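[1] All I have is the shape, not the residue letters:
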């Protein structure tokens, strides 16, 4: 059974701008008129934006010799506050990767002198990963440029549009994503 397309605030179907996603939607609507393809307008554009944003964000990381994952590790350590350290498992949670993937990232960052592994001050048996002075200097520079890049990616949206988009995405993400582990 064909569902009604979702509607804009005014109650009219959402307009389809002339873009790649609109073309795909039109083709599916032609081939499968029995299906409501309107969700593709949102999902397809978010997927496309995700790919484009990742490409643009990674340009900055590469200028600092970092992969996206390595940037995330350094950023998670910097956000921890002094003494800029976290346990490897905690880093994996903060960067949403497996512990195996985290080990590889830490190995490379340690090899490059950006992080160091050491015994935890609170528990001599535990280990932590800490930013080195070189790692802190690098992430501070990279993060400043990263924020400039993110700001430029939002150009074309008013402050109100950006705030509304953030609120919508936050509410939607809360419905889809499992709550973070405590």
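    Yep, it's here. All figures in this text were calculated on a predicted structure; none of them were measured in a lab. Residues are numbered from 1 along each chain as shown.
[2] going forward, measure contacts between C-alpha atoms and count neighbours the same way
    OK.
[3] Low-confidence ranges, the chain, go.
    The model of the chain has pLDDT under 70 over residues 1-17, 124, 180-182.
[4] which residues in it form strands?
    Taking DSSP state E, the strands of the chain run over residues 85-86, 115-119, 127-131.
[5] Turn those strands into a markdown table, columns for distance to residue 93 and mean neighbour count.
    Shown next, in a markdown table, are the strands of the chain (distance: least, C-alpha to C-alpha, whole Å; neighbours: other C-alpha atoms under 10 Å):
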| stretch | distance to residue 93 | mean neighbour count |
| --- | --- | --- |
| strand 85-86 | 11 | 24 |
| strand 115-119 | 18 | 18 |
| strand 127-131 | 14 | 23 |
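[6] so which of these gets nearest residue 39?
    Closest of the strands of the chain to residue 39 is strand 85-86, at 40.3 Å (criterion: C-alpha to C-alpha).
[7] Any chance you could list what contacts the closest one?
    Residues from elsewhere that reach strand 85-86 (C-alpha atoms under 8 Å, 6 or more residues apart in numbering): 77, 78, 80, 128, 129, 130, 131.
[8] From those, pick the one nearest residue 162.
    Distances from residue 162 to the contacts of strand 85-86, taken by C-alpha to C-alpha, are shortest for residue 78, at 26.2 Å.
[9] Check the protein for its longest helix and report it.
    In the chain, with assignment by DSSP state H, the single longest helix is helix 39-63.
[10] Quick check: buried residues in that helix?
    By neighbour count on 16 or more other C-alpha atoms under 10 Å, the buried set for helix 39-63 is 40, 41, 44, 45, 57, 58, 59, 60, 61.
[11] Look up how far residue 140 lies from residue 35.
    Separation of residue 35 from residue 140 (C-alpha to C-alpha, to the nearest Å): 49 Å.
[12] now residue 31
    Distance of residue 31 to residue 140, computed by C-alpha to C-alpha: 51 Å.
[13] Centre-most residue in this protein?
    Computing the C-alpha centroid of the chain and ranking residues by C-alpha atoms, centre = their mean puts residue 54 first, at 7.8 Å.
[14] Roughly how far does that one sit from residue 60?
    Counting by C-alpha to C-alpha, the gap from residue 54 to residue 60 is 10 Å.
[15] joint contacts of the two?
    Counting by C-alpha under 8 Å, 6+ apart, nothing touches both residue 54 and residue 60.
[16] per-domain residue ranges of this protein.
    Listed by automatic domain parsing, the domain ranges of the chain are 19-63, 64-144.
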